[in-house]
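Asker: here are the coordinates; sequence isn't available:
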């Protein structure tokens, strides 16, 4: 149990490549923070800096009340779950879990108790005598979790732990990890490139891009008020539609945009906020041709090419709507669902 | 695999059997020759069936040696060869696995420089550097000693290189997981790297042991005291020693005995590395 405080962390690699530039973040005790971003955004580097597997070029890192910049990973009181699990292939599951505890010279009966407890919790007790190669992907994942669990560390660090699992198992493990984390109330830092994982698991999520923080907030804050065009495009699937304000002003009725702050020349609309029927609230209306109808079970995605413009937009509607490909339809967007951005800086306006 | 066709199978087996026969025949002749009385060979015809003198010939080489030619009983020579081969094998393996560990897992100045220096020694086998090496060993007073027999042959670029290649295939996360689990470098080496290398160690052990066992030139140079003669030298001495016709039946008995330890090593180690090969764990 501990807080993690990052103060202006920098990571510069030997070749001069800057992987992380000036990240400051306070993580509260027991909080689940998800670092999310595209590959190469520095999220894994940042996690490995916290773990002590990468040196910190500049800035200070506190775990609990200690500055841990110079400490070895083992001295930082953290446990890490790796993407490819990194189980010791020649050791049984029991020994995999016990190895870290033995290195800490814990008494034998204490090791035994902790391992059995963790195995019970993760439902891997029947496999304690097996070697990792005789386990399925999901079971290996649980063993990797167990190895972190038995240590009873101040913080868990997860490095894309679910990316090697198939889709169904991923959802199941996602729920289990979150439940476990809520029960144990252990401070956790979780890295993923999957925006859905980020939204569902985080107490707060941190969107990273190019080694910098784009936005920090609860999943709903980030989703409903993305701080930049990048965040708007990255969080939420299908991605938010971006439409030029000048186009909307011309085609969608100028009065609809009058309420938006000055300087907003790029307007974002989530695919679920584009409606096929006019809502009672103030709204914009634009016309376009249906390019493609994509049924996806509970919902469908309609791709619409806006009239006199090359920009196609995505519309998400429940079930299967009554539209034909090639038909011209009118889309309605409530004014309060519009996200105003400044095209030049890519930042949200107002 | 090619389709199962009768002629294909037949020819495959024929070629294999011919190949085996070709390799085994000289060994067979040696074993047969070691069972005949001395007179057989003077006639110039090699017998292909076992003779009556097996027990006596082997008793002679093991317990009496060929005293008139100055060759000791072969027990001592076998032991010398064994000690030398083991010293070379164990020495080569431990030095090369440790240097490969250093080169792969530690960042120190001139790391690649040292790696290439080690690699360059591949071009300098004993035979090439034999005169200066002899000089050094002589000056250090290691002539006629086990140290002199084994130490100059211990450095091995080949094994270092093979271990390096293997270590580079071990996922880096394993080392990181061990670091998070509180294992220092040597503990990681002992607890994780070494157990994973067992297959490689077993295979290299066999190769190195046979290399050491078959050393001929080097022991010939630095030993003058019969107490340190190795078996491979001994065979040569038995053939050339004395003025009389070589006692082929005794030579062949010695050859047969000299071939046994490497075979035993292969049989014993084979279980280890076949096990390792079938249970790939990585």
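Answerer: Sure, I can see it. Quick caveat, the model's predicted, so the values are computed rather than measured.
Asker: buried set for stretch A:21-29?
Answerer: Of all the residues in stretch A:21-29, those buried under the rule 16 or more other CB atoms under 10 Å in any protein chain shown are A:21, A:23, A:25, A:27. To be clear about C-beta, it is placed using only N, CA and C from the backbone, and glycine gets the same treatment.
Asker: stretch A:128-138 too?
Answerer: Taking 16+ other CB under 10 Å as the basis for neighbour counts, the residues of stretch A:128-138 that come out buried are A:128, A:131-132, A:135, A:138.
Asker: secondary structure of residue A:344: a strand, I assume?
Answerer: No. The assignment for residue A:344 by DSSP: H, G, I helix; E, B strand; the rest coil gives coil, which leaves it out of any strand.
Asker: so where is chain B shaky, pLDDT-wise?
Answerer: Along chain B, the parts satisfying pLDDT under 70 run over B:1-4, B:65-72, B:241-245, B:273-282.
Asker: please name the residues that touch residue B:25.
Answerer: By CB atoms under 8 Å, 6 or more residues apart in numbering or on different chains, the contact set of residue B:25 is empty.
Asker: ok, residue A:207 next?
Answerer: Contacts of residue A:207 by CB under 8 Å, 6+ apart are A:36-37, A:213-216, A:222, A:230-231, A:234-235.
Asker: can you check residue B:37 too?
Answerer: Residue B:37 is in contact with B:51-53, B:249, counting by CB under 8 Å, 6+ apart.
Asker: got these as CSV, with distance to chain A columns?
Answerer: Rendered in CSV, the data for these read as follows (distance: CB to the nearest CB, whole Å):
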residue, distance to chain A
B:51, 52
B:52, 53
B:53, 52
B:249, 50
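Asker: which parts of the strand or helix carrying residue B:32 are buried?
Answerer: Assigned by DSSP states H and E, residue B:32 falls within helix B:6-33. Taking 16+ other CB under 10 Å as the neighbour-count basis, helix B:6-33 is seen to contain the buried residues B:30-33.
Asker: which residues touch the next helix or strand along the chain from it?
Answerer: Heading C-terminal from helix B:6-33, the first helix or strand you meet, by DSSP H and E, is helix B:54-59. Contacts of helix B:54-59 with the rest of the structure, by CB under 8 Å, 6+ apart, involve B:34-36, B:249-250, B:253, B:257.
Asker: ok, residue B:198 touching residue B:272?
Answerer: Yes. In this structure, residue B:198 sits in contact with residue B:272. The criterion is CB atoms under 8 Å, and the distance is 6.7 Å.
Asker: middle-most residue in chain A, spatially?
Answerer: By CA atoms, centre = their mean, the mean C-alpha position of chain A lies nearest to residue A:198, the distance being 2.7 Å.
Asker: now do the contacts for that residue.
Answerer: Applying CB under 8 Å, 6+ apart, the residues near residue A:198 are A:34, A:36, A:192, A:205, A:219, A:235.
Asker: for the lowest-mean-pLDDT helix or strand in chain A, buried residues please.
Answerer: Across the helices and strands of chain A, mean pLDDT, DSSP states H and E gives its lowest value to helix A:245-251, namely a mean of 83. For helix A:245-251, a neighbour-count test (16+ other CB under 10 Å) marks A:245, A:247-249, A:251 as buried.
Asker: helix, strand, or coil at the nearest residue to residue A:8 once chain neighbours are set aside?
Answerer: In space, not counting the residues next to it along the chain, residue A:8 is nearest to residue A:59; the distance is 4.1 Å by CB to CB, 6 or more residues apart in numbering or on different chains. Secondary structure of residue A:59, reduced to three states by three-state DSSP: strand.
Asker: SS state for residue A:69?
Answerer: With three-state DSSP as the criterion, residue A:69 was assigned coil.
Asker: list the contacts for it?
Answerer: If you count contacts by CB under 8 Å, 6+ apart, residue A:69 has them with A:56, A:60-61.
Asker: recalculate using a threshold of 10 Å.
Answerer: Residues in contact with residue A:69 (CB atoms under 10 Å, 6 or more residues apart in numbering or on different chains) are A:9, A:49, A:52, A:55-56, A:58-62.
Asker: re the thing from before, go through the buried residues of stretch A:128-138 and flag which are in helices.
Answerer: residue A:138 (DSSP state H).
Asker: around chain A, which positions in the stretch 151-282 of chain B sit nearby?
Answerer: By CB under 10 Å from any CB of the partner chain, the residues of the stretch 151-282 of chain B that approach chain A are B:170-184, B:187, B:191-192, B:194-196, B:198, B:279-282.
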